[in-house]
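*Asks:* Next comes the sequence, and after it the predicted model I'd like to discuss.
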Amino acid sequence: MQPINHVAGRAYPFGRKNVDTDVIIPAHWLKTVTREGLGRGAFEAVRKEPDNVFDDPEYAGAPIVIAGDNFGCGSSREHAAWALLDMGVTCVIAPSFSDIFSGNAFKNGILTVALPQLAIDRLMEVARTDPIEIDLETQTVTTQFQDRWSFEIDPFRKHCLLNGLDEVGMTMAQGDAIGAYESKARDALPFLAKTLATVG
């Protein structure tokens, strides 16, 4: 997982409320056995609409999505986070998020920022012409027009995102402690080591 500290650039001014995971990535894309290429299917139904923001070259490669209330509701598919990452999105700003989507986003290195609707309205306006900046260290969202909002984030999630630690990374970071415990367990419980060797 790539560390996140500072996300800056253009943002997709999407703004819709109650966008579920089937809108983010339709079910027929879930047959894939790899995460690569899911960005092509992201917001497929929205992309069929004329003049949609996701196919507008003005926002090509934007790392931020500005969304409406209850973003990521619906099913628990982790593919929604994978699809966003594959299209280059590393931050979603909305008034609120589905808990399951927010958890999946965090585990895959996407920062979800919850801001009041008034802030979302202003960011939608700015996003149409200018970049937006998110600083995770200071927990702020800013624009070049002196707009500034603070956001809350769980300290554990902040630590993991800043350091690029997913569940595997967190386990690997404890390698020395795990090795010491296993060595001690072998000495204290030699019969267990023999049992494991037999099973293996």
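*Replies:* Arrived safely. These numbers were taken from a predicted model, which means no experiment stands behind them. Residues are numbered from 1 along each chain as shown.
*Asks:* which residue ranges form the strands in the protein?
*Replies:* In the chain, the strands defined using DSSP state E lie at 6-9, 11-13, 64-66, 91-94, 111-114, 132-135, 140-143, 148-150.
*Asks:* got JSON lines for those strands, with distance to residue 30, mean neighbour count and mean pLDDT too?
*Replies:* Placement of C-beta: from N, CA and C, glycine included. Listed next are the strands of the chain as JSON lines, based on distance: least, C-beta to C-beta, whole Å; neighbours: other C-beta atoms under 10 Å; pLDDT from 0 to 100:
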{"stretch": "strand 6-9", "distance to residue 30": "27", "mean neighbour count": "15", "mean pLDDT": "98"}
{"stretch": "strand 11-13", "distance to residue 30": "23", "mean neighbour count": "25", "mean pLDDT": "98"}
{"stretch": "strand 64-66", "distance to residue 30": "21", "mean neighbour count": "28", "mean pLDDT": "98"}
{"stretch": "strand 91-94", "distance to residue 30": "20", "mean neighbour count": "26", "mean pLDDT": "98"}
{"stretch": "strand 111-114", "distance to residue 30": "22", "mean neighbour count": "22", "mean pLDDT": "98"}
{"stretch": "strand 132-135", "distance to residue 30": "29", "mean neighbour count": "19", "mean pLDDT": "98"}
{"stretch": "strand 140-143", "distance to residue 30": "32", "mean neighbour count": "17", "mean pLDDT": "98"}
{"stretch": "strand 148-150", "distance to residue 30": "35", "mean neighbour count": "13", "mean pLDDT": "98"}
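*Asks:* can you pull the contacts of residue 93?
*Replies:* Neighbouring residues of residue 93 by C-beta atoms under 8 Å, 6 or more residues apart in numbering: 11, 64-67, 113-115, 120, 123, 132, 134, 141.
*Asks:* CA atoms only for the helix ranked longest in the chain, dumped as CSV, please.
*Replies:* As assigned by DSSP state H, the longest helix anywhere in the chain is helix 175-188. What follows is helix 175-188, C-alpha atoms only, in CSV (Å, rounded to 0.1, in the frame of the first residue of the first chain):
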residue,chain,number,x,y,z
GLY,A,175,8.4,-9.6,12.6
ASP,A,176,11.0,-9.4,15.4
ALA,A,177,8.4,-9.7,18.1
ILE,A,178,6.7,-12.6,16.3
GLY,A,179,10.0,-14.4,15.8
ALA,A,180,10.9,-13.9,19.5
TYR,A,181,7.5,-15.3,20.6
GLU,A,182,7.9,-18.4,18.3
SER,A,183,11.4,-19.1,19.6
LYS,A,184,10.2,-18.8,23.2
ALA,A,185,7.2,-21.0,22.5
ARG,A,186,9.4,-23.7,20.9
ASP,A,187,11.5,-23.8,24.1
ALA,A,188,8.5,-23.8,26.4
